[in-house]
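Novice: got a sequence here, can you build the structure:
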Amino acid sequence: MKMKKIKLVVSLLVFSFLSVNAQNNFVVNEIRQIMSRGEQTGFEVPITGGKPDVVKSNFEKWLKTYKAKVTSSKKTPEIFGDDADIKVVSSNTVDIYATVIPSAAGATVYVFADLGGAFISSSAYPQQYTAMEALLKKFSQDQALQMVETQLSEEEKIAKNLNKEYETLKKDKDSYIKEIEKAKAVIQQRELDIKKNDADQLAKQQQINLQNQIIETVKQKRNTLK
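Specialist: Residues are numbered from 1 along each chain as shown. The predicted structure follows:
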């Protein structure tokens, strides 16, 4: 049973190691697909291990760092960031459209950047594409870092609880040892008490025998007086 538990722990550690390595590969792919403004070229940003709701919320916050007016609702999966001030991409404001969907690896963000009548693509706007790609890779990296920080916090809590349980076990053992020592002392004392009791019984029996003899003597004396 213990060996199975050890193998399970090793497997989990290997899985975690592979997951960390996977998160170090931050990839942004160019795509062309249908969105709210028709078929457009955009960016595909895989977030390994990401939870779609969390990633969506974080992307909205990310847009707000660029002073974008963010529109998002549960009625539509698309996030709209109006007039994002992203200087490294364009001296003018940029409209950002994004959708976060679940994936087998976690979540995927589909991003479309409108420069004002034209969407960014590697062929038409190579400089803007490279700049936007770098920002989205950084966003992906930040998500991975946040997930690791969350995992680290959770693992530290587990370790803290394990240490508390360990200290409790140590205290319990000390308490058990003290109880055993007390019990040993009681047993030792009772063994002495038994020996003394045996001696006292013997002495008492002798006193009883002597007293019975005295009684018989007194009875005989009484009989002689009748």
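
Novice: quick one: residues contacting E39.
Specialist: 32-33 (C-beta atoms under 8 Å, 6 or more residues apart in numbering). Placement of C-beta: from N, CA and C, glycine included.

Novice: for it, helix, strand, or coil?
Specialist: Following DSSP: H, G, I helix; E, B strand; the rest coil, the label given to E39 is strand.

Novice: where does this protein dip in pLDDT?
Specialist: For the chain, applying pLDDT under 70 flags the ranges 1-24.

Novice: quick one, strands of it?
Specialist: Chain-ordered strands for the chain, with DSSP state E as the definition, fall at 29-35, 38-48, 69-73, 76-84, 94-103, 106-114.

Novice: quick one: strands adjacent to the fourth one?
Specialist: According to DSSP bridges, the neighbouring strands of strand 76-84, each with its direction, are strand 69-73 (antiparallel), strand 94-103 (antiparallel).

Novice: for the second one, same thing?
Specialist: Applying DSSP bridges, strand 38-48 is found paired with strand 29-35 (antiparallel), strand 106-114 (antiparallel).

Novice: so how far is the helix ranked longest in the chain off the chain centroid?
Specialist: Secondary structure of the chain read by DSSP state H shows that its longest helix is helix 126-224. Centroid separation between helix 126-224 and its chain, computed with C-alpha atoms, centre = their mean, to the nearest Å, is 30 Å.

Novice: name the residues of stretch 92-100 that are buried.
Specialist: Buried positions in stretch 92-100, judged by neighbour count with 16 or more other C-beta atoms under 10 Å: 93-100.
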